[in-house]
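[1] I'll drop the sequence and a predicted model, then ask my questions.
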Amino acid sequence: MKKSDRKINKTSAEGSSGMKRRSFVKILGGGIFIFFQPWNALDLLALPAEQARSLTKDYNAFLQIAEDGTVSCFTGKIEMGQGVITSLAQMMADELDVPLEKVKMIMGDTDLCPYDMGTWGSLSTRSFGPNMRAAAAEARAVLTEMASARLGVPVAQLEVKEGVVTDTKNPQNSVTYAQLAKGKRLEKYMEVKPPVKDFTKFTYVGKPLKHSDAYDKVTGKAKYAGDLKLPGMLFARILRPPSHGGKLVSADVSGAEKIEGVRVVRDGDFIAVVSENHDLADLAIVQINADYSFDEMKVSDKTLFDYINKGKYKTNVSRTAGDIEAGRAQCERVFEHEYHDPYLAHTPIETHTALARFEGDKLTVWASTQSPFGLQDAITRDLGIPRENVRVITPFVGGGFGGKGAYLQGIEAAKLARMTGKPVMVTWTRDEEFFFDMFHSAAVVKVNSGTDKNGMITLWDYHVYLAGTRGADVIYDVPNTKVTSYSEDKSVYPVHPFGTGPWRAPNNNTNTFARETQIDIMASSAGIDPLEFRLRNLKDEKMIACLKSAAEKFGYVAGKTPSERGIGIACGSDAGTWVAEIVEVKVDRSTGKVSVIRVACSQDMGLCVNPQGALIQMEGCITMALGYTFSEELKFEGGNISDRNFSTYNIPRFSWVPKIDCVILDRKDQAPQGGGEPAIIAIGAAVGNAIFDATGARLFAVPFTPERVLAALTKT
Amino acid sequence: MEETIRFKLNNKETELVTDPNQILLWVLRNRFGLTGTKYGCGIGFCGACTVLIDNEAARSCMLPVSEVAGKSVVTIEGLAEDGKLHPVQQAFVDHDALQCGYCTPGMILTAVALLKKNNAPTRQEIIDGLEDNLCRCGAHTRIIDAVGDAARVMKGGK
């Protein structure tokens, strides 16, 4: 890495995009303030033991029953469009036996809600859900015991329905939850914790219900962090480095200070302008002249995969079975391929936003984050404010997709509120949103596999670089298997010039793309229909059921590939859920442009709490997947992010969206699993396989841009 | 350098003393508290900041407020009449045509403007009309269906 200095000139423009390297330096101004905050569970585990937290067992933390019968349901989870505001309420209503309309969700408030690590991993239903249900079951049992004492009849003689406990022998003799609880904390606990209900007793769970927040969202009433306003509130813009890895040498803030109504604040390298007027802060930030130096990593989107392939990594063998060499000996055909996956941005339409206010020693931060408790801990750590004096409240979040597990903007707002003594609103520009994104990691996967003369897979030697192990398991029944994962060892060979983190179904998109493409290659080579090839090599009943169901929904007709029909299949498992997808594409051979005509998707997610919400998540996953499949690929040069707005970073649009048919294989007797991510994982491979089926051209790198498709076509 | 700007805002005559170069998006949000109009990209690319100006969909994130002098501006808050949702809003609810909801006001107002120009759009015309509004959650198919339904309801005079 070569050390270089760069001079930043005075600027006058702000907020443009699609800029080349030099012009974006102008737009941002100079400066340096970079640190990467924790975004995942592992980082939280690094907290000192006395600070580590876990979900409480006290059922009172999950619910409270008011005198009017309203049940407040408390959860540290947040609502970002995934619909848990509806599905968690369904579970609470059923388990407690109250009308659904009486359940009011209180979400993501660190003062009111039980501790939660963060809203990610499709964990709200499958992990928080059981704890919440257990709490509701205990509350119900306690309330029934209280009713028993009050009504003078044994518990066994009581029946609970819609929040009313009734003596079955004398229906006049009844009492409501509201009368029993009176808005207070319940003091009794059950020595033997009661079991939760089984699915046959559910009234709401399993029913398709629409988003309960839709009315507020179509009228503009729904409040996101940036929609809040406090007396005396200041808008802030923060001086940013032009590139990750920069160090501030000097800054001249006199130009900004001259603007009436603007104040410049500074703490070391952290320089910001604040104003009661939003536009003045925007004007002032670009009046700062800053010089800085930085070590630039010599990697760009153009050299990325060579760079990754030259690296030295930490190695982890996550799975072995049989004997790889013996497996190789049994192969009639051997296949060795390398797959590439680039960095991706999250780009929620709402940028990271936070409002912070001090009242005496007490700090309150309203933040668009997937991790309110994580932000609370980070503020305690970084600003030295005791945790009990920090409250984080999460209003509606305008999309997260993993990217809002990070909460730097909340720390910035808190810092600025302390520096100015006023409430401060930090709304990242789209430019900042791109720059500070914790990108989906670029990755390389190398697969060496083989089949015997019967079309059975006998060898699977899988090497995944920088995409971890989520979704890396073979899923097929292969006797000789080895899965090796290689992760960055920063001190030996740093790879990422900027932050990386989870991006919807983190890394499973990468692994499923590689695995399912490799499977398709083997099927085609063996002259076996790709569905038949998968079924032949699978023992996993859930996967088989999903494939058969998707095939039925699609109206799949077997055929050897390439058949010129443009049909592709892929499947996988994520967040405890199984998914199979079949797509039909049209390829324009002259332009390389590919359109997806239709998608059939089948999913086994255990008990489906809200079939409507789950369906919408599947549609959302499939639509979002078109981005990584066709267009999304972060452009960068070292720590300099070239894509700074939607003008160059293309996300899916209306004209891209195919006809989507989804099936949920509802398994009412099984525990509910994740629904927010699984259906995104298999689209890339399914589309690539469909392109092969249409043209005989095989693609080994996403996204399938027209250039890549044309290049692959020339090889056929 | 401050001026008095007069315009109609959600059907009410409005007067504002301001630097005329102030950006309409932030004037609506910070001076009038109409926070349903969202910041998304700041360059008129994503459509989250869409409002109606004289019945046309317009992006407010780069527009000086002086541009709306003498004109009529409608934001998402001004769309429902007498507490009754506009048919496009109602169709978004009925079709569950949203997830995080952040792009929703801009989507709805773009669709309202589209239907004012073309009261019986084909599916393709709806797609073309909404093409430059971005949604990251992937509510697209439901939005298309919702707008189609709203058109039918409005044409039927319901």
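    Done, it's in.
[2] contacting residues around the most centrally placed residue in chain B?
    Nearest to the mean C-alpha position of chain B, by CA atoms, centre = their mean, lies B:Leu109 at 2.8 Å. If you count contacts by CB atoms under 8 Å, 6 or more residues apart in numbering or on different chains, B:Leu109 has them with B:50-52, B:57, B:74-76, B:79. Using the backbone N, CA and C atoms, a C-beta is placed for each residue, glycine as well.
[3] Look up the closest residue to residue 114, ignoring the ones flanking it.
    Unless you meant another one, I'm taking chain A. Closest residue to A:Pro114 apart from its sequence neighbours, by CB to CB, 6 or more residues apart in numbering or on different chains: A:Ala61 at 4.1 Å.
[4] Oops, wrong one, chain B.
    The spatially closest residue to B:Leu114, leaving aside those adjacent along the chain, is B:Gly129, at 4.0 Å (CB to CB, 6+ apart).
[5] Go ahead and confirm that neighbour touches B:Lys116.
    No: with contact defined as CB atoms under 8 Å, B:Gly129 does not reach B:Lys116; the gap is 11.0 Å.
[6] if we can go back for a sec, out of the contacts of B:Leu109, which touch chain A?
    Filtering the contacts of B:Leu109 for proximity to chain A by CB under 8 Å from any CB of the partner chain leaves B:75-76, B:79.
[7] so which of these would you say is closest to A:Gly568?
    Here the nearest of these to A:Gly568, counting by CB to CB, is B:Ile76; it sits at 40.1 Å.
[8] State the pLDDT value of the closest one.
    For B:Ile76, the model assigns a pLDDT of 98.
[9] Might you report the residue contacts of it?
    The contact partners of B:Ile76, taken as CB under 8 Å, 6+ apart, are A:218-220, B:34, B:36-37, B:105, B:108-109.
[10] all helices for chain B, in order.
    B:24-26, B:87-94, B:104-117, B:123-130, B:140-155 (DSSP state H).
[11] As a markdown table, those helices with mean pLDDT would be great.
    Shown next, in a markdown table, are the helices of chain B (pLDDT from 0 to 100):
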| stretch | mean pLDDT |
| --- | --- |
| helix B:24-26 | 98 |
| helix B:87-94 | 98 |
| helix B:104-117 | 98 |
| helix B:123-130 | 98 |
| helix B:140-155 | 97 |
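[12] quick one, what contacts the closest residue to A:Ile65 other than its chain neighbours?
    In space, and not counting its chain neighbours, A:Ile65 is closest to A:Ala181: 3.8 Å by CB to CB, 6+ apart. Residues counted as contacts of A:Ala181 (CB under 8 Å, 6+ apart) are A:64-67, A:143.
[13] Quick check: next helix or strand after the helix or strand containing A:Ile521?
    Assigned by DSSP states H and E, A:Ile521 belongs to helix A:508-526. Per DSSP H and E, the first helix or strand lying C-terminal to helix A:508-526 is helix A:530-537.
[14] So which elements touch that following helix?
    helix A:508-526, helix A:541-554, strand A:567-574 (3 or more CB pairs under 8 Å, 6 or more residues apart in numbering or on different chains; DSSP states H and E).
[15] what's the average pLDDT for the first one?
    Summarised as a single mean, pLDDT over helix A:508-526 is 98.
[16] for the last one, same thing?
    Over the span of strand A:567-574, the pLDDT mean works out to 98.
[17] Could you do stretch A:638-651 as well?
    Here the average pLDDT along stretch A:638-651 is 97.
[18] List the contacts of it.
    A:16-21, A:24, A:242-246, A:294, A:296-301, A:345, A:347, A:430-431, A:434-435, A:497-498, A:627, A:631-632, A:634-636, B:41-43, B:45-46, B:134, B:136.
[19] repeat that for 6 Å
    Outside stretch A:638-651, the residues that touch it by CB atoms under 6 Å, 6 or more residues apart in numbering or on different chains are A:17-18, A:21, A:243-245, A:296-297, A:345, A:347, A:430-431, A:434-435, A:497-498, A:627, A:631, A:634-636, B:41, B:43, B:45-46.
[20] What of stretch A:519-534?
    Contacts for stretch A:519-534 (CB under 6 Å, 6+ apart): A:333, A:335, A:451, A:455, A:551, A:558-561, A:569, A:689.
[21] Measure how buried the closest residue to A:Met624 other than its chain neighbours is and give me the count.
    Sequence neighbours aside, B:Gly138 is the residue nearest to A:Met624 in space, at 4.7 Å (criterion: CB to CB, 6+ apart). Applying other CB atoms under 10 Å in any protein chain shown, we find 27 residues neighbouring B:Gly138.
[22] residue contacts, B:Gly138?
    Neighbour list for B:Gly138: A:620, A:623-624 [criterion: CB under 6 Å, 6+ apart].
[23] In CSV: those, plus secondary structure.
    CSV is the format used below for the contacts of B:Gly138 (DSSP: H, G, I helix; E, B strand; the rest coil):
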residue, secondary structure
A:Gly620, helix
A:Thr623, helix
A:Met624, helix
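[24] among those residues, which ones are buried?
    A:620, A:623-624 (16 or more other CB atoms under 10 Å in any protein chain shown).
[25] circling back to that earlier point, quick one, the helix holding A:Ile521 and strand A:567-574 angle?
    Using axes from the mean of the first three to the mean of the last three CA atoms, to 10 degrees, one finds that helix A:508-526 and strand A:567-574 are set 140 degrees apart in direction.
[26] and among the helices and strands packed on helix A:530-537, the most buried is which?
    Of the helices and strands packed on helix A:530-537, the one with the most neighbours on average (mean count of other CB atoms under 10 Å in any protein chain shown) is strand A:567-574, at a mean of 28.
[27] quick one on the thing from earlier: buried members of the contacts of stretch A:638-651 into ChimeraX, please.
    The ChimeraX selection below is limited to those of these classed as buried (16+ other CB under 10 Å):
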select /A:17,18,243,244,245,296,297,345,347,430,431,434,435,497,498,627,631,634,635,636 /B:41,43,45,46
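[28] Now, the contacts of stretch A:638-651 that are in helices?
    Here DSSP H is the test, and the contacts of stretch A:638-651 give A:21, A:430-431, A:434-435, A:627 as lying in helices.
[29] What residues does the stretch 551-700 of chain A have near chain B?
    Residues of the stretch 551-700 of chain A lying close to chain B (CB under 6 Å from any CB of the partner chain) are A:616, A:620, A:623-624, A:645-647, A:653-655, A:657, A:660.
[30] before we move on, back to that, tell me which two in the ones in helices among the contacts of stretch A:638-651 are the farthest apart.
    Largest pairwise distance in the ones in helices among the contacts of stretch A:638-651, by CB to CB, is 24.2 Å, between A:Arg21 and A:Gly627.
[31] now A:Val365, what's its secondary structure?
    strand.
[32] Please report how far it lies from B:Ala91.
    36 Å (CB to CB, to the nearest Å).
[33] do you know how far the nearest residue to B:Gly44 once chain neighbours are set aside is from chain A?
    In space, B:Gly44 comes closest to B:Arg59 once its chain neighbours are excluded; the distance is 4.0 Å by CB to CB, 6+ apart. Distance, B:Arg59 to chain A, by CB to the nearest CB, to the nearest Å: 12 Å.
[34] Tell me the residue of chain B that sits nearest chain A?
    Chain A sits closest to B:Gly36 of chain B, with a gap of 2.1 Å, by CB to the nearest CB.
[35] Could you count how many residues lie near that residue?
    Considering only other CB under 10 Å, B:Gly36 is surrounded by 27 other residues.
[36] Is it in contact with B:Gly106, as I believe?
    No: contact criterion CB atoms under 6 Å: B:Gly36 and B:Gly106 do not qualify, at 9.3 Å.
[37] closest point of the stretch 201-350 of chain A to chain B, which residue?
    Going by CB to the nearest CB, chain B is nearest to A:Gly220 of the stretch 201-350 of chain A, at 2.1 Å.
[38] what's near enough to touch the closest residue in space to that residue that isn't next to it in sequence?
    Nearest non-adjacent residue to A:Gly220, counting by CB to CB, 6+ apart: B:Gly36, 2.1 Å away. For B:Gly36, the contacting residues are A:220, B:75-77, B:105, by CB under 6 Å, 6+ apart.
[39] Check A:Arg237 too.
    When contacts are counted by CB under 6 Å, 6+ apart, A:Arg237 touches A:273, A:281, A:285.
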